[in-house]
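Q: starting from these lines, generate the structure:
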Amino acid sequence: MSGITIKAAAEGTALELAMIGEVGWDISASMLQRELVGRTEDLTINLFSYGGDAIEGLAIYSMLARYPGKKRMVIDGVAASAASVIAMAGDEIVMPESSFLMIHEAWGLAIGGSNDLRQQADLIDRISTSYRQAYSARSGMSDEDVASLMAAESWLTAAEAVEFGFATEAAPAREIRSAAVPRGRFAKVPQALVQLVEFVEPSRPRAQVATAKAEDLKLLVTAPAADAKADAIHSLIPGTQTEPVPMTIHNTEAADREAAAIQSERDRARTIRNMCEQSGAGNEKANEYINSGAEIGKVREELFALVTGKEKRSISSRLQDSGDGLLGMNDQEVKSYNILNAIRHFSDPTDVRLREAAGLELEASAAAVKQSGRELQGSFRIPADVMVAQIPGMGAGRRGIRADQSAGSFTSGGALIDTDLLVGSMIELIYNRLSITAAGATVLSGLVGDIDIPKETSGPTHYWVGEGQAPDASEILVGQLSLTPKTVGAKTVLTRRFISQTSFSSEAWVRSHLSRKLAVGIDKDFLYSPGGQKRPLGLRFTDGVKTETLSGGQSKTIDGTSYNFGTFLNLVEMETKVSLANLDVPSMAYMMNAHARGAYKTTLENAQSDFYILRSNEINGYPALTSNQLAFNNTLFGDMSQVLLAFWSGQDIGVNPYKYQDSGSVEISILQDCDFGVRYPEAFVWGI
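A: Numbering: from 1, shown residues only. The predicted model follows:
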């Protein structure tokens with residue numbers, strides 16, 4: 001039953017107080033005062049609440065903090081939001097292993113003019129400060145660490161709460177109470193709770209609290225030392241007496257959007273705090289950026305200039321004719337580059353703020369188009385500097401093009417990287433997902449014009465000569481493998497809610513997702529493309545590549561057609577054909593799909609053998625790689641280092657906000673110029 005109830009404990013020397021329900025509605029300071037007036041006995045407080053009115057929570061916290069008896073606070077399931085600060089008033093705080101404590105930044109709604117909204121924002125900041133001080137006083141953690149936990153909407157288990165100092169004891173698990181939680185209020189409700197609770201339409205205050213006076217709120221910041229004045233303060237604030245007001249069904253979607261926007265803002269605040277901490281700018285500067293609504297890219301730019309004293313020059317003024325397709329973007333610009341900034345702008349080109357936030361991305365796009373001389377095929381172009389940037393932990397990056405970047409100090413870009421995630425090179429993300437690169441294909445990136453790779457088509461003739469005689473002239477015939485840019489594209493759909501995210505993890509996911517889309521297409525076409533004016537010629541149709549008919553082995557029906565996977569002798573014959581071309585090297589390998597792998601793992605080498613064809617991921621001593629890009633019963637054998645995979649500078653992204661506008665989604669297309677070729681086709685044999 002919701003509300004506040006009190007009864008004598010079994011031993012008769014203490015009281016048991018139950019506080020269940022929503023703070024400000026089911027649980028209020030006035031209710032608590034009526035129950036505790038004139039009492040001094042020790043209390044065991046069983047608390048279960050998802051929170052509610054933030055100021056009411058502070059008033060209850062202050063009242064319990066000055067209560068003269070000893071207080072044993074038991075979190076009987078969940079103490080979230082405003083209820084979590086109430087829990088901090090306990091002398092002992094006990095959490096069963098099945099319970100959760102959730103802390104986050106205060107938030108609220110306001111209607112009115114600009115002054116009303118400013119006052120509401122100031123009030124929310126002051127309330128968050130009061131909560132942060134209460135958490136810090138209990139846990140012993142620094143204000144900055146607590147602020148980070150609050151910004152992230154942290155749901156703490158019993159063990160985590162004890163570790164951080166928010167609780168004093170973890171007790172055996174007990175059944176979690178089932179109670180309603182307002183829909184859309186929280187972004188990260190643990191799955192363990194989702195299955196137990198009923199989600200209802202939220203109640204809301206009848207009036208806003210933005211009219212609270214600053215001088216009154218100063219007293220709240222000093223809690224729990226504010227003693228009885230906290231109750232008086234609460235009574236001075238108009239509109240804090242609230243009642244449930246049902247939200248109409250049309251407001252449910254708005255509440256969900258509001259929750260997503262709140263989470264996005266928390267991500268922005270956390271990222272800014274991380275950067276200010278690492279740069280030495282401090283928490284005060286972070287608060288200034290957060291409260292002013294500064295975009296993350298602008299914060300990076302200002303912090304970099306502040307610490308290094310370097311004046312930012314336009315990218316166009318620094319264009320280099322370096323031959324590697326790079327614009328000359330510095331480390332800070334590469335790490336600041338955010339694809340989502342540009343996508344957000346082009347999904348709503350009329351929004352001036354989104355245009356300003358995408359300033360770096362749009363400037364880099366224009367410079368990349370200007371340098372390459374290639375026409376833009378989408379909304380914006382990702383420059384080569386971002387495509388091949390090396391960021392620690394993400395692999396080779398622009399090794400061989402530029403010196404490695406270091407994230408060790410602020411001046412080299414260290415403080416400009418969010419501590420949770422590094423986003424990495426687009427090119428590296430693409431070719432790390434290619435089965436052909438996993439097998440050893442050579443990747444060329446950052447190309448500008450057409451390239452020709454020389455290769456010997458015949459070797460020199462040898463001669464026996466007498467003493468003092470010169471050998472007859474012999475000619476080495478040299479051919480060329482030409483690679484020219486051909487455009488491959490892919491499409492995906494992103495929701496507007498996702499696009500609104502500002503976290504590094506969202507940016508990293510977009511890069512990874514787009515790269516995966518391209519990698520699948522490139523992989524498939526390398527193997528099976530019939531070629532043509534617009535697309536490269538695949539290995540299956542390349543002149544000089546040999547074939548071996550698979551027969552006599554296991555048969556299997558795939559998509560209604562029966563295929564044979566051949567015998568060990570078929571595979572040995574494939575190896576022989578490569579050897580006869582004098583192209584057998586230790587790096588050769590097999591590649592097959594899951595159907596073929598299953599067949600070879602269950603087929604003996606011959607009737608007298610005790611060994612299966614495929615064992616320990618090897619066939620006859622050569623690595624056996626699996627890729628479901630291979631079709632039917634096809635098995636490929638050869639030296640994948642003979643493959644050249646070429647990427648040209650830049651990547652064009654198209655944004656279409658109109659195709660799915662009814663559902664609020666945006667279509668994203670990605671276009672990349674690439675080509676592939678094989679230096680010596682005789683190094684490959686297809687088993688078909």
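
Q: C-alpha only now, for contacts and for neighbours.
A: Will do.

Q: packing partners for the helix or strand where residue 653 lies?
A: Applying DSSP states H and E as the criterion places residue 653 in strand 643-656. Contact analysis of strand 643-656 by 3 or more C-alpha pairs under 8 Å, 6 or more residues apart in numbering; DSSP states H and E lists helix 339-347, strand 380-382, helix 384-387, strand 442-447, strand 665-678 as its packing neighbours.

Q: so in that sheet, which strands flank that strand, and in what orientation?
A: Strand pairing for strand 643-656, using DSSP bridges, gives strand 380-382 (antiparallel), strand 442-447 (parallel), strand 665-678 (antiparallel).

Q: hang on, residue 386 packs against residue 334?
A: Yes - the criterion here is C-alpha atoms under 8 Å, and residue 386 meets it with residue 334 at 5.8 Å.

Q: my guess is residue 289 contacts residue 299. True?
A: Yes - proximity of residue 289 to residue 299 meets the contact threshold set by C-alpha under 8 Å, at 7.2 Å.

Q: what touches both of those two?
A: When contacts are counted by C-alpha atoms under 8 Å, 6 or more residues apart in numbering, residue 289 and residue 299 have residue 272 as shared neighbours.

Q: kindly calculate the angle that the strand holding residue 653 makes with helix 339-347.
A: Per axes from the mean of the first three to the mean of the last three C-alpha atoms, to 10 degrees, the angle that strand 643-656 makes with helix 339-347 is 40 degrees.

Q: so how far is strand 643-656 from its chain's centroid?
A: Relative to its chain's centre, strand 643-656 lies at 22 Å (C-alpha atoms, centre = their mean, to the nearest Å).

Q: same question for stretch 84-97.
A: Relative to its parent chain, stretch 84-97 has a centroid offset of 33 Å by C-alpha atoms, centre = their mean.

Q: need the residues that contact that stretch.
A: 47, 51, 57-58, 60-62, 64-65, 70-77, 79, 101-103, 131, 134-135, 138, 157-159, 166-174.

Q: if any of those residues are buried, give me the PyMOL selection for them.
A: The PyMOL selection below is limited to those of the contacts of stretch 84-97 classed as buried (16 or more other C-alpha atoms under 10 Å):
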select buried, resi 47+51+57+58+60+61+62+64+65+70+71+72+73+74+75+76+77+79+101+102+103+131+134+135+138+157+158+159+166+167+168+169+170
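
Q: can you flag which of the contacts of stretch 84-97 belong to strands?
A: 47, 71-77, 79, 101-103, 157, 169-171 (DSSP state E).

Q: closest one of these to residue 525?
A: Relative to residue 525, the closest of the ones in strands among the contacts of stretch 84-97 is residue 157; by C-alpha to C-alpha it sits at 49.3 Å.

Q: now do the closest residue in space to that closest one that isn't next to it in sequence, the pLDDT please.
A: Once flanking residues are discounted, residue 157 sits nearest to residue 100: 5.0 Å by C-alpha to C-alpha, 6 or more residues apart in numbering. At residue 100, the model reports a pLDDT of 90.

Q: and what of residue 141?
A: So, for residue 141, pLDDT stands at 89.

Q: residues in contact with it?
A: The contact partners of residue 141, taken as C-alpha under 8 Å, 6+ apart, are 135, 164-165.

Q: same question for residue 277.
A: residue 283.

Q: next helix or strand past the helix or strand where it lies?
A: Assignment of secondary structure by DSSP H and E places residue 277 within helix 250-279. The first helix or strand that comes after helix 250-279 along the chain, using DSSP H and E, is helix 282-292.

Q: and that following helix, which residues are buried?
A: 283, 285-287, 289-290.

Q: got it, and stretch 519-532?
A: Neighbour-count burial for stretch 519-532 flags 519-520, 522-529 (criterion: 16+ other C-alpha under 10 Å).

Q: mind putting the buried residues of helix 282-292 into JSON lines with distance to residue 350 and pLDDT?
A: Below are those laid out as JSON lines (distance: C-alpha to C-alpha, whole Å; pLDDT from 0 to 100):
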{"residue": "283", "distance to residue 350": "34", "pLDDT": "83"}
{"residue": "285", "distance to residue 350": "31", "pLDDT": "86"}
{"residue": "286", "distance to residue 350": "29", "pLDDT": "85"}
{"residue": "287", "distance to residue 350": "29", "pLDDT": "85"}
{"residue": "289", "distance to residue 350": "24", "pLDDT": "87"}
{"residue": "290", "distance to residue 350": "24", "pLDDT": "84"}
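
Q: pipe those residues into TSV and attach distance to residue 653 per row.
A: Listed next are the buried residues of helix 282-292 as TSV, based on distance: C-alpha to C-alpha, whole Å:
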residue	distance to residue 653
283	37
285	35
286	33
287	34
289	30
290	30
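
Q: tell me the one of the contacts of residue 141 nearest residue 382?
A: residue 164 (42.6 Å).

Q: could you pull up phi and psi at the closest one?
A: phi -80, psi -10 (degrees, to the nearest 10).

Q: tell me the contacts of it?
A: Applying C-alpha under 8 Å, 6+ apart, the residues near residue 164 are 139, 141.

Q: again with residue 158
A: Contacts of residue 158 by C-alpha under 8 Å, 6+ apart are 95-101, 167, 169-170.

Q: please, which helix or strand holds residue 585?
A: Per DSSP H and E, there is no helix or strand for residue 585.

Q: how much space between it and residue 438?
A: Relative to residue 438, residue 585 is positioned 17 Å away (C-alpha to C-alpha, to the nearest Å).

Q: surely residue 82 meets residue 54?
A: Yes - counting by C-alpha under 8 Å, residue 82 touches residue 54, with 5.2 Å between them.

Q: what sits against the residue nearest to residue 157?
A: Counting by C-alpha under 8 Å, 6+ apart, residue 100 has contacts 75, 77-80, 155-158.

Q: and what of residue 107?
A: residue 124.

Q: next one: phi and psi at it?
A: Dihedral pair for residue 107: phi -150, psi 160, per degrees, to the nearest 10.

Q: that one and residue 548, how far apart?
A: Distance from residue 107 to residue 548, by C-alpha to C-alpha: 69 Å.

Q: my guess is residue 512 meets residue 425, correct?
A: No - Residue 512 is not in contact with residue 425 according to C-alpha under 8 Å; the separation is 9.5 Å.

Q: more crowded one of those two?
A: Set residue 512 next to residue 425 and count neighbours by other C-alpha atoms under 10 Å: residue 425 wins out with 26 against 19.

Q: and the closest residue to residue 96 other than its chain neighbours, what pLDDT?
A: Nearest non-adjacent residue to residue 96, counting by C-alpha to C-alpha, 6+ apart: residue 171, 4.3 Å away. We note a pLDDT of 89 for residue 171 in this prediction.
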